[in-house]
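S.K.: give me a 3D structure for the following:
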Amino acid sequence: MAQLTPKAGGGRRPRPWRGAVLLVAGLYFLVPMAASVWFSVDDPNGGVQFDAYTGLLSAPGFTDALLLTLELAAATVVVLLVLLVPALIAARLGTARMRAVLEVVCTLPLVVPPVAFTAGLIGVLRWGPDHLMDTPFFQTIVFVQQPEFPLVLVIAYVLMSLPLAYRALDAGLRAVDVRTLVEAARSCGASWPRAVVTVVLPNLRGALLNAAFLTLALVLGEFTAASILGYQPFAVWVYSVGNSQGQMSVAVSVLSLLITWVLLLLLAAAGRERRPAPARS
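M.R.: Alright, predicted model coming up:
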């Protein structure tokens, strides 16, 4: 049989539509951001000023709101991974019916609007003091609502980010033969916890980072639940500042977007597998 030979030039045909799509997508994202940056540095009297950026650190409530949001994000990521990773691994080692039930449970928050979800939380928090006054659970209801570190927001954020983290981790588990890895580790004498920690989790590094980043992005930008419950993390602080200082609120939004992009780049670099160096002859 005659073999097909590549055409002269050997390269792929240029496809201008790809460049056009990338150009339109770039303009769609960069033009609003450039307009926001210009608005934040524009001086009404003419010229350019950076007072909106230099005054951020001294703005009242900026540091407290940012630190509170980062603490809530860290706690949410830890709680979510501790709950979700063992459940997903157990579902992979179990039956298909168990995986189907877990998928339904993890994607259920998507059908509940944040406003309705927060209203339900408020109803529970109001019901607790009236019916649990003489029980130890009353102190628990009070403890989760402390303004210094509201655990009720962690609970809300865990439930809100559950579908995103589930999809990221499930995609990572689909690419790994968990059963074979665990059985191989067990045959070498490893216990169940050691097999999961030393064999399965290293193969899920990218999925774990993706789930953590999606959760972090959700916590940084979440406004509805925190505002209705009466707390002031970073997103609520940006909104409150915007009512009196428009340029500063836009400057904070631009910086938060840049921080999110930097975290995404770090995530991509950390999740990239290192290729072994070619052996020298």
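S.K.: mind listing the helices for the protein?
M.R.: Along the chain, the stretches classed as helices by DSSP state H are 16-41, 51-54, 62-93, 96-107, 114-131, 137-143, 151-174, 178-187, 192-195, 201-203, 205-221, 224-229, 234-242, 246-271.
S.K.: what about the longest one, distance to the chain center?
M.R.: Here helix 62-93 shows a centroid-to-chain-centroid distance of 9 Å under the convention C-alpha atoms, centre = their mean, to the nearest Å.
S.K.: ditto for stretch 223-238
M.R.: 17 Å.
S.K.: and that stretch, which residues are buried?
M.R.: For stretch 223-238, the neighbour count (16 or more other C-beta atoms under 10 Å) marks 224-229, 231-238 as buried. Every C-beta, even on glycine, is put in place using the N, C-alpha and C of the backbone.
S.K.: cool, stretch 169-184 as well?
M.R.: Going by 16+ other C-beta under 10 Å, stretch 169-184 has these buried residues: 169-170, 172-173, 176, 178, 181-182.
S.K.: distance to Leu263 and pLDDT for those residues - can I get that in JSON lines?
M.R.: JSON lines is the format used below for the buried residues of stretch 169-184 (distance: C-beta to C-beta, whole Å; pLDDT from 0 to 100):
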{"residue": "Leu169", "distance to Leu263": "18", "pLDDT": "90"}
{"residue": "Asp170", "distance to Leu263": "22", "pLDDT": "88"}
{"residue": "Gly172", "distance to Leu263": "19", "pLDDT": "86"}
{"residue": "Leu173", "distance to Leu263": "23", "pLDDT": "86"}
{"residue": "Val176", "distance to Leu263": "25", "pLDDT": "83"}
{"residue": "Val178", "distance to Leu263": "28", "pLDDT": "81"}
{"residue": "Leu181", "distance to Leu263": "29", "pLDDT": "81"}
{"residue": "Val182", "distance to Leu263": "32", "pLDDT": "81"}
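S.K.: just to revisit the earlier point, out of the buried residues of stretch 223-238, which is nearest to Met133?
M.R.: Taking C-beta to C-beta as the measure, Met133 lies nearest Leu229 of the buried residues of stretch 223-238, at 21.4 Å.
S.K.: and that closest one, what does it touch?
M.R.: 118, 121-122, 150, 152-153, 156 (C-beta atoms under 8 Å, 6 or more residues apart in numbering).
S.K.: mind running it again at 10 Å?
M.R.: 118, 121-122, 125, 145, 150, 152-153, 156, 236 (C-beta atoms under 10 Å, 6 or more residues apart in numbering).
S.K.: from Leu255, how far out is Ala116?
M.R.: 32 Å (C-beta to C-beta, to the nearest Å).
S.K.: higher neighbour count, the two?
M.R.: More crowded of Ala116 and Leu255, by other C-beta atoms under 10 Å: Leu255, with 14 against 10.
S.K.: would you mind measuring from that one to Leu102?
M.R.: For Leu255 relative to Leu102 (C-beta to C-beta), the value is 38 Å.
S.K.: ok, now Thr198?
M.R.: Applying C-beta to C-beta, the value for Thr198 to Leu102 is 24 Å.
S.K.: which of those two has more residues huddled nearby?
M.R.: For Thr198 versus Leu102, the count of surrounding residues by other C-beta under 10 Å is larger for Leu102: 19 against 11.
S.K.: pretty sure the more buried one sits against Leu83.
M.R.: No. Using C-beta atoms under 10 Å, Leu102 is not in contact with Leu83; the gap is 11.3 Å.
S.K.: nearest to Asp64, of the buried residues of stretch 169-184?
M.R.: Leu169 (32.4 Å).
S.K.: that closest one and Leu162, how far apart?
M.R.: 11 Å.
S.K.: kindly report the same for Gln49.
M.R.: Gln49 is 44 Å from Leu162, by C-beta to C-beta.
S.K.: neighbour count for these two, which is higher?
M.R.: For Gln49 versus Leu162, the count of surrounding residues by other C-beta under 10 Å is larger for Leu162: 20 against 14.
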